[in-house]
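A.B. asks: predicted model and sequence follow; I will ask about them next.
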Amino acid sequence: MHTVEPVGKSNGLALIWKESVNIRIIESNKRMIDALVKWQNKEFFLTCVYGKPVQSERGDLWEKLSRLGTTRDKPLMMTGNFNELVDPTEKIGGAQRRDSSCVEFRQMLNACGLWEVKHLGYQFSWFGNRNDELVQCRLDRTVANQAWMNCFPKTQANYLQKVCSDHSPLFNSLMGMEWKSWAGFKYDKRWVQREGFVDLITGFWRQNESSSCRKEISKWKRQTKPSSALRIHELQFRIDAATLAATF
């Protein structure tokens with residue numbers, strides 16, 4: 001583990017890895033951790049970024065990252081909270097951002113030859129209350145150069161659900177994600193209390209089509225959202241609202 005301790009109100013940073021991964025820290029400060037990584041016979045640069053919250057002070061960081069990126073021919077990935085937008089469309093609500101305010105960030109990405117990797121999930125990764133108005137921005141992202149794309153063509157970044165933070169966690173997978181397309185059938189005895197379920201089963205047994213019953217139950221389950229799922233969404237909304245209220 002390598003850490004950068006917080007200074008005043010500045011967040012601290014931490015990079016943690018398994019013993020199977022070889023890490024050499026090249027440079028670290030309160031705005032980034034830059035490292036050379038050796039993993040599974042591959043060697044690449046990883047730069048974890050925390051951009052300055054104050055827009056007028058970000059120029060120095062973009063210049064620093066430009067110098068790093070333009071001198072590297074190995075695979076390079078940058079990821080984290082850049083605290084900046086590529087263009088004004090990455091903001092919902094609040095005062096309108098001028099496109100000119102995003103130019104320096106785009107110039108850094110272009111100078112380093114960095115491109116967006118595939119992102120999944122809700123991409124407006126930050127939300128906050130500004131003058132009693134909800135504002136959402138895409139401040140977190142993962143970018144990589146062409147050498148990285150050639151080395152890890154299945155790389156993708158997943159925006160996860162916000163929990164106890166005004167930022168969405170960003171989960172990067174170098175090898176892509178393979179999800180199970182099939183899961184075993186499990187009967188839930190609570191289904192008999194839900195409207196329409198008993199009638200569905202009774203109809204199948206009367207028609208002596210018990211062999212198709214499981215398939216129709218699975219179809220009914222997908223089309224009928226259970227109260228537990230609705231409750232989960234309701235509680236998640238309340239968590240997000242409480243987190244937002246506690247932040248301001």
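C.D. replies: Yep, it's here.
A.B. asks: okay, domains of the protein per the record?
C.D. replies: Domain ranges of the chain: 2-173, 189-247, per automatic domain parsing.
A.B. asks: got phi/psi on the spatially most distant residue from the centre of the chain?
C.D. replies: With distances taken as CA atoms, centre = their mean, the residue sitting farthest from the centre of the chain turns out to be Arg206, at 49.4 Å. Dihedral pair for Arg206: phi -70, psi -30, per degrees, to the nearest 10.
A.B. asks: quickly compare the domains of the chain and say which is most buried.
C.D. replies: domain 2-173 (a mean of 16; mean count of other CB atoms under 10 Å). For every residue, glycine as well, the C-beta is placed using N, CA and C.
A.B. asks: was I right about Tyr50 contacting Asn11?
C.D. replies: Yes - counting by CB atoms under 8 Å, Asn11 is a contact partner of Tyr50 at 6.2 Å.
A.B. asks: residues shared between the contacts of the two?
C.D. replies: Lys30 (CB atoms under 8 Å, 6 or more residues apart in numbering).
A.B. asks: average pLDDT across stretch 18-28?
C.D. replies: On average, the pLDDT along stretch 18-28 is 95.
A.B. asks: that older thread, the domains of the chain: lowest mean pLDDT?
C.D. replies: Taking the mean pLDDT of the domains of the chain, domain 189-247 comes last: a mean of 68.
A.B. asks: all strands for the protein, in order.
C.D. replies: With strands called from DSSP state E, the chain shows them at 2-4, 13-15, 22-29, 32-39, 42-50, 76-81, 91-92, 115-116, 118-120, 126-130, 133-137, 140-144, 156-159, 170-173.
A.B. asks: what distance separates the fifth one from the centre of its chain?
C.D. replies: Computed by CA atoms, centre = their mean, to the nearest Å, the chain-centroid distance of strand 42-50 equals 17 Å.
A.B. asks: quick one: it to strand 32-39, angle?
C.D. replies: Between strand 42-50 and strand 32-39, the angle formed by their directions is 160 degrees, by axes from the mean of the first three to the mean of the last three CA atoms, to 10 degrees.
A.B. asks: report the angle between strand 42-50 and strand 22-29.
C.D. replies: Relative orientation of strand 42-50 and strand 22-29, computed by the same axes, to 10 degrees: 30 degrees.
A.B. asks: tell me which strands strand 42-50 pairs with, and in which orientation.
C.D. replies: Partners of strand 42-50 in the sheet, by DSSP bridges, are strand 32-39 (antiparallel), strand 76-81 (parallel).
A.B. asks: how distant is the last one from the center of its chain?
C.D. replies: Centroid separation between strand 76-81 and its chain, computed with CA atoms, centre = their mean, is 12 Å.
A.B. asks: got the CA coordinates for that strand in PDB?
C.D. replies: Extracted as PDB, the C-alpha positions of strand 76-81 are listed here (Å, rounded to 0.1, in the frame of the first residue of the first chain):
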ATOM      1  CA  LEU A  76      -0.800   4.200 -20.000                       C
ATOM      2  CA  MET A  77      -4.100   4.500 -18.200                       C
ATOM      3  CA  MET A  78      -5.200   7.500 -16.100                       C
ATOM      4  CA  THR A  79      -8.200   7.100 -13.800                       C
ATOM      5  CA  GLY A  80      -9.900   8.900 -11.000                       C
ATOM      6  CA  ASN A  81     -11.700  12.100 -10.100                       C
END
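A.B. asks: and for that strand, what are the contacting residues?
C.D. replies: 32, 44-51, 65, 69, 112, 114, 117, 126, 139-145, 147-148, 155, 157, 167, 170, 172.
A.B. asks: related to what we said a few turns ago, quick one: which of the strands of the chain is nearest Asp199?
C.D. replies: strand 118-120 (38.6 Å; CB to CB).
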